[in-house]
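>>> Sequence first, predicted coordinates after that:
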Amino acid sequence: MQEPSINKTVFEGECKGRRVIIRKMHQFAGIPAPFLPLQDYYCGYVELLPSDYYYSHLAEAESCLSVWGGITWTPEYGKLDDLPDDCFIGFDTAHANQPPFSQQTVMDDCMELIKQIIKRNEEEN
């Protein structure tokens with residue numbers, strides 16, 4: 001039996017001038033797949049532009065931007081092969097006691113992140 005791909009891009013596009021990438025993943029939790037139904041989860045990534053406040057304040061982005069489960073990815077963690085070389089921040093939906101997520105709810109959260117990024121930019125100007 002072939003193992004499912006754990007890296008599947010389900011959306012890649014642009015919203016308000018920033019690239020957004022949504023990936024659908026499988027959670028194995030170290031248990032062989034035949035003994036546990038796979039639990040799908042999503043990762044959402046939003047591009048930070050060089051003109052964005054958070055582009056040069058990544059630690060602050062992680063602590064100040066609000067999304068379910070918090071920001072769980074910034075370039076400070078290293079390079080993800082699945083992302084372009086530009087600056088992206090991201091989050092995942094693989095958390096205990098979370099509400100159900102769909103590709104659309106992750107897209108909504110990405111849009112909310114973009115709104116927060118733009119608002120912070122406006123506060124700086």
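Received the coordinates, thanks.

>>> Only C-alpha atoms from now on, for both contacts and neighbour counts.
Noted.

>>> Let me know the secondary structure of residue 11.
Put simply, residue 11 is strand when judged by DSSP: H, G, I helix; E, B strand; the rest coil.

>>> so what's it closest to, chain neighbours aside?
Using C-alpha to C-alpha, 6 or more residues apart in numbering and skipping the chain neighbours, the partner closest in space to residue 11 is residue 22 (5.0 Å).

>>> again with residue 45
Nearest residue to residue 45 in three dimensions, chain neighbours excluded: residue 90, at 4.1 Å (C-alpha to C-alpha, 6+ apart).

>>> Need the phi and psi values for the residue nearest to residue 11.
In terms of degrees, to the nearest 10, the main-chain angles of residue 22 are phi -120, psi 130.

>>> what comes up buried for stretch 65-75?
Applying a neighbour-count criterion of 16 or more other C-alpha atoms under 10 Å, one finds 65, 67, 70-74 buried in stretch 65-75.

>>> Now flag whichever of those is closest to residue 82.
Distance to residue 82 across the buried residues of stretch 65-75 (C-alpha to C-alpha) is lowest for residue 73, with 12.6 Å.

>>> State the distance from the closest one to residue 122.
24 Å (C-alpha to C-alpha, to the nearest Å).

>>> Would you map the strands across this protein?
In the chain, the strands defined using DSSP state E lie at 8-15, 18-27, 39-47, 88-92.
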